[in-house]
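Chemist: Based on what follows, work out the 3D shape:
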Amino acid sequence: MLRNSKPLSSDPQQGVPVPIQPLLKYTLLASLLSTAMVLLLAGIGVWMGPDRILTLDERIQQLFYLNSEARLLLLPYTSWITALGSFKISVLAAAGFALICFVQRRPRATIYGYVICTSFAMMWMLNTLLKEIFRRSRPELEHLLAAHGYSYPSGHAMISMGFYGMLFVIWALEWRQHRPLQRWLPVILGIFFIVFIGLSRIMLGVHYPTDVLAGFASGLVWVICLLQGIKQAGR
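Modeler: Numbers count the residues shown, from 1 in each chain. The predicted model follows:
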């Protein structure tokens with residue numbers, strides 16, 4: 001039941017009051033903390049030293065790129081998986097799922113719609129900003145797929161965790177109410193989906209593993225913060 005004492009915004013389709021202050025507050029907090037996480041990991045990298053970071057990257061690349069004899073055979077599949085994290089596909093996903101939420105004309109669904117749109121937009125905006133700050137070059141490996149721009153943090157990793165991860169969280173929240181025995185299914189599927197997108201960037205040779213790690217960490221912070229915003233707005 002929504003509290004009338006909260007600042008509200010009217011749902012334009014039905015005039016249903018929707019609290020926006022918690023969403024705005026947690027969106028701002030999530031943006032700051034997601035950015036801070038990337039900066040923190042970069043700071044740890046500076047403290048450890050470039051040589052140690054590159055050694056760590058190379059060891060993981062040995063597993064998923066250099067010594068992966070099947071990577072060329074898997075190229076059609078990794079290309080398809082990585083495409084799901086692209087701007088074109090994710091913007092279609094954001095528009096589609098947000099529309100599904102808004103047309104339901106329910107306060108909770110409207111909250112989900114706002115969160116979906118915000119998660120998509122902010123993940124791409126923050127990633128673009130952070131890449132311009134760090135300007136890390138991409139790995140000096142054969143890129144099995146065309147990649148442009150800088151490397152750190154991985155945009156695909158941020159969008160897969162921060163945006164798609166939010167979609168799976170919303171799915172889990174809805175199933176927790178109606179299908180409590182199956183509430184962990186969206187979480188498990190989400191983990192596999194997100195990890196596969198991140199690994200695809202390494203297997204294609206277009207990102208260092210630490211780029212993917214930073215993107216995952218930043219997106220995870222975003223999801224945790226916005227989850228609290230959903231809980232506050234839905235009370």
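
Chemist: wait, what's in contact with Gly149?
Modeler: Neighbouring residues of Gly149 by C-beta atoms under 8 Å, 6 or more residues apart in numbering: 131, 155. From N, CA and C alone the C-beta is placed, and that goes for glycine too.

Chemist: Apart from its neighbours in sequence, what residue is nearest the spatially most central residue of the chain?
Modeler: The chain has Gly162 as the residue nearest its centroid, 2.2 Å off, counting by C-alpha atoms, centre = their mean. Of all residues not flanking Gly162 in the chain, Gly219 sits nearest, at 3.3 Å (C-beta to C-beta, 6 or more residues apart in numbering).

Chemist: and that neighbour, that one's in a strand?
Modeler: No - Gly219 is assigned helix when assessed by DSSP: H, G, I helix; E, B strand; the rest coil, not a strand.

Chemist: hang on, isn't it packed against Leu33?
Modeler: No - using C-beta atoms under 8 Å, Gly219 is not in contact with Leu33; the gap is 11.3 Å.

Chemist: Leu145 in helix, strand or coil?
Modeler: The three-state label for Leu145, taken from three-state DSSP, comes out as coil.

Chemist: in the protein, which spans are strands?
Modeler: With DSSP state E as the definition, the chain shows strands at residue ranges 8-10, 17-19.

Chemist: Lowest average pLDDT across these?
Modeler: Of all the strands of the chain, strand 8-10 carries the lowest average pLDDT, namely a mean of 43.

Chemist: correct me, but Tyr26 touches Cys225?
Modeler: Yes - using C-beta under 8 Å, Tyr26 is in contact with Cys225, at 5.1 Å.

Chemist: So for the two, which residue has more residues nearby?
Modeler: When Tyr26 and Cys225 are compared for neighbours, Tyr26 comes out ahead with 24 against 19, by other C-beta atoms under 10 Å.

Chemist: Kindly tell me how buried the residue nearest to the more buried one when sequence neighbours are not counted is, as a neighbour count.
Modeler: Closest residue in space to Tyr26, ignoring its immediate chain neighbours: Gly229 at 3.1 Å, by C-beta to C-beta, 6+ apart. Each residue near Gly229 was counted by other C-beta under 10 Å, and the total is 25.

Chemist: In contact with the residue nearest to the centre of the chain, which residues are there?
Modeler: The contact partners of Gly162, by C-beta under 8 Å, 6+ apart, come to 34, 119, 122-123, 218-220, 222-223.

Chemist: Which pair of the residues you listed spans the longest distance?
Modeler: Spatially, the most separated pair among these is Met122 and Leu220, at 14.1 Å (C-beta to C-beta).

Chemist: Where does pLDDT dip in the protein?
Modeler: In the predicted model, the chain carries pLDDT under 70 at residues 1-19, 66-69, 177-181, 234-235.

Chemist: all helices in it, in order from the N-terminus.
Modeler: Along the chain, the stretches classed as helices by DSSP state H are 21-48, 50-61, 75-83, 87-103, 107-134, 155-159, 165-178, 184-203, 209-233.

Chemist: From the chain's centroid, how far away is the last one?
Modeler: Its chain's C-alpha centre lies 7 Å from the corresponding centre of helix 209-233 when counted by C-alpha atoms, centre = their mean, to the nearest Å.

Chemist: just checking, what packs against that helix?
Modeler: On a contact count with 3 or more C-beta pairs under 8 Å, 6 or more residues apart in numbering; DSSP states H and E, helix 209-233 meets strand 17-19, helix 21-48, helix 50-61, helix 107-134, helix 155-159, helix 165-178, helix 184-203.
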